[in-house]
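>>> quick one, what's the 3D model for this:
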Amino acid sequence: MPKNSLNPELKKKIKRYILFLQVLWKEFHGFFYLLVITFSISSTLLYLFYPQEDLPHHGMSWIQAAYCTWLMMFFETPLTYEEDWRIAPLFFLLPLLGLLVIAEGVVHFGNILIQRKRYSTEWQKMLAQNFENHLIICGLGNVGLRVVQHLKQFDEPMVVIEANKESRFAHEVAGDEIPVLFGDARDTRVLETANVSKAKAILCVTNDDMVNLETALTAREYNAGIKVIIRMFDQKLAKKVQKSLGIHAAYSSSARSGRLFAQAAISENIIDSFEFGGTTINAYQLTVEANSTLVGETIDDIRYKNEVTVLLHESASGELDWNPSPSKVLGVNDKLLIMTDRDGINRLQSTKKKLALKKDTQ
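Alright, predicted model coming up:
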């Protein structure tokens, strides 16, 4: 194991801890600055102007003055009251500052801890505002859920925006510590809460084309460099929008699934299908069956005989090889992930038919 590698669970815990500290800093930094400035000024005034002759050792260092200031904040009286106008107010103001520390610091901090433990809506808002270089997923329907599930595999930081508070997927997603914000994705306040200005991409996948388009354009106003991917039911409109508005990607889920359904009807071994350069490319799974002539052949044999690209080899024991050697010999129940067009599938299926015929004649 590399020296710098960490257990995935440990990495998640570290990330959660860092996010928690970021939330605390954002919530308390103004109060912290006020406390530090007030404390420093008070300590300096005591050090400079408190009568030396009234002190036990006829002198006081700045550190001692800071210690006395700290005690006075919490209702201790280490020094006797002096009428000097430069320090007299401290005897009244420092206890009030102490009350503020207790009220604002302890109570608010405790409330944040409770919100975090419950993973409440308020905590998710606070968390989302501290995300950077993240993805924003707009719409938590069937498509949105699958997008989130796929992105989780890449450990991508995400914020989800969902209009329906009764969404059946919201609790499932939030349980994975992904902030879910309820509201209209077109609302600038919701996008600001999702920290859209620091996001690297926004995926608009609601079931309303106009909502997706308006959300994308609004996000662009806050972050001109954000990558925009939108879902549109009308494939022709999707292509026009992508070209004319500079959208990075506009997809019609119905068009994409329609292609996959059609290809699956041709062969049950097609895993996925997409278009590139005007050609439909298929991800095809080939299983080496017992008593077939594929047993004993090499990866190169499959490539050259069928003019296909072999991406992945899975042995019968489940071991994966993403860069199989050309001389790798195939065994029973081995699987290959092949990328090919329709003609390549025909050649592979033709090979299977010949094998079946050969078995029948034996």
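>>> only C-alpha atoms from now on, for both contacts and neighbour counts.
Noted.
>>> name the nearest residue to Asn269, ignoring sequence neighbours.
Take Asn269 and drop its neighbours on the chain: the residue closest to it by CA to CA, 6 or more residues apart in numbering is Gln285, 5.3 Å away.
>>> spit out the contact partners of the one you found.
269-271, 335-338 (CA atoms under 8 Å, 6 or more residues apart in numbering).
>>> what subset of the residues you listed is buried?
Among these, those buried by neighbour count (16 or more other CA atoms under 10 Å) are 269-270, 335-338.
>>> hmm, which two among these are most spread apart?
Largest separation among the buried ones among the contacts of Gln285 by CA to CA: Ile270 and Lys335, giving 13.1 Å.
>>> which parts of the stretch 51-200 of the chain are strands?
Using DSSP state E, counting those that start in this stretch, the strands of the stretch 51-200 of the chain run over 135-138, 158-162, 180-182.
>>> now these in TSV, with distance to Lys200 and mean pLDDT?
Below are these laid out as TSV (distance: least, CA to CA, whole Å; pLDDT from 0 to 100):
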stretch	distance to Lys200	mean pLDDT
strand 135-138	6	94
strand 158-162	10	93
strand 180-182	18	92
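>>> and the pLDDT for the spatially most central residue of the chain?
Residue closest to the mean C-alpha point of the chain, counted by CA atoms, centre = their mean, is Pro157 at 1.5 Å. On the pLDDT scale, Pro157 is placed at 88.
>>> skipping its backbone neighbours, what lies nearest it in space?
His134 (5.1 Å).
>>> so where's the stretch 101-250 of the chain uncertain?
175-176 (pLDDT under 70).
>>> any idea how far Asn333 lies from Glu319?
Remark: distance between Asn333 and Glu319 (CA to CA, to the nearest Å) = 12 Å.
>>> neighbour count: these two, which is higher?
Asn333 (17 against 9; other CA atoms under 10 Å).
>>> and that one, that's in a strand?
No. Secondary structure assignment (DSSP: H, G, I helix; E, B strand; the rest coil) places Asn333 in coil, not in a strand.
>>> so it is in contact with Asn291, correct?
No. Using CA atoms under 8 Å, Asn333 is not in contact with Asn291; the gap is 10.8 Å.
>>> show me how far the helix or strand containing Leu337 is from its chain's centre.
Assigned by DSSP states H and E, Leu337 belongs to strand 335-340. Remark: strand 335-340 is offset 31 Å from the chain centroid, using CA atoms, centre = their mean, to the nearest Å.
>>> given it, what are its sheet partners and their directions?
In the sheet containing strand 335-340, its partner strands are strand 279-287 (antiparallel), strand 309-314 (antiparallel), by DSSP bridges.
>>> buried ones in the shortest one?
Using 16+ other CA under 10 Å as the burial criterion, the residues of strand 309-314 that qualify are 309-310, 312-314.
>>> redo the residues you listed as CSV? Include distance to His57 and pLDDT.
Supplementary listing: the buried residues of strand 309-314 in CSV, determined by distance: CA to CA, whole Å; pLDDT from 0 to 100:
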residue, distance to His57, pLDDT
Thr309, 88, 91
Val310, 86, 92
Leu312, 81, 92
His313, 83, 93
Glu314, 82, 93
